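Trainee: no sequence on hand, only this structure:
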């Protein structure tokens, strides 16, 4: 049975992704920084008949927490087939390039960028033991420099210097990671789930959790012919999904 670790999976898109991977036959390690909420999420999935799941306590901003999670997961499985770096925060308000505080930037980057690096490096050895390892970095089309410099882009006026820049940085990390692993079985991609209705955006999103989950799981399930080092958002580009960096 293939295994997957999803960070920030106790609710929202992460939880939906866990559900869909369970339905696809994966054993899912549901990452949560809150033990109580993570356990509740696991029980909810089990009530749906999806019992190949367990909670892994992990705070991506803490080196000690990530190391402890790696040790715990290593006691439960010899390899990891998929890592979905889903944890993310907006950075709060204001998001103005002139008014946002340095501490806001630091907090957002700690989760959205450094957290991804921290988790990816910690679990890389387990991923290497998989025959078809997959890494999906949950990004956002809002991190596209090309789109956000185009006045015709539908979200052109939805600027936010903290969140957008953190996702742009995540995208560049994805490019570099995919490049370093280009001669291996790894597939590494950045995927935007679209403007989804979740607590993250105070339920202002227009997309469904089901659609968002499908967009992420699609790039977990790709075979050896699948893409790597690409950026996808099917909401922005329904014809194939690939969007510019």
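Mentor: That came in fine, so what should we check first? This structure is a prediction, so every number in the text was calculated from the model and none was measured.
Trainee: report pLDDT for residue 175.
Mentor: Looking at residue 175, its pLDDT reads 98.
Trainee: neighbours of the residue nearest to residue 129 when sequence neighbours are not counted, how many?
Mentor: Sequence neighbours aside, residue 79 is the residue nearest to residue 129 in space, at 3.6 Å (criterion: CB to CB, 6 or more residues apart in numbering). In short, each C-beta sits where N, CA and C put it, glycine included. Using other CB atoms under 10 Å, the number of residues around residue 79 comes to 15.
Trainee: tell me the secondary structure at residue 79.
Mentor: Put simply, residue 79 is coil when judged by DSSP: H, G, I helix; E, B strand; the rest coil.
Trainee: so what's it up against?
Mentor: Counting by CB atoms under 8 Å, 6 or more residues apart in numbering, residue 79 touches 3, 126-127, 129-130.
Trainee: tell me the pLDDT at the residue sitting furthest away from the middle of the chain?
Mentor: Farthest-out residue of the chain from its mean C-alpha position, per CA atoms, centre = their mean: residue 98, at 28.5 Å. The score at residue 98 is 97. That number is its pLDDT.
Trainee: that's a helix at it, yeah?
Mentor: No. Counting by three-state DSSP, residue 98 falls outside a helix, being coil.
Trainee: hang on, the earlier thing: among the contacts of residue 79, which are located in helices?
Mentor: In helices, judged by DSSP state H, the following of the contacts of residue 79 are found: 126-127.
Trainee: after the longest helix belonging to the chain, which helix or strand is next?
Mentor: Identified as the longest helix of the chain according to DSSP H is helix 161-180. Moving toward the C-terminus from helix 161-180, the next helix or strand (DSSP states H and E) is strand 187-191.
Trainee: re earlier: quick check on the residue farthest from the centre of the chain: phi, psi?
Mentor: Note on residue 98: backbone dihedrals following degrees, to the nearest 10 are phi -100, psi -20.
Trainee: tell me how far residue 179 lies from residue 172.
Mentor: Distance, residue 179 to residue 172, using CB to CB, to the nearest Å: 11 Å.
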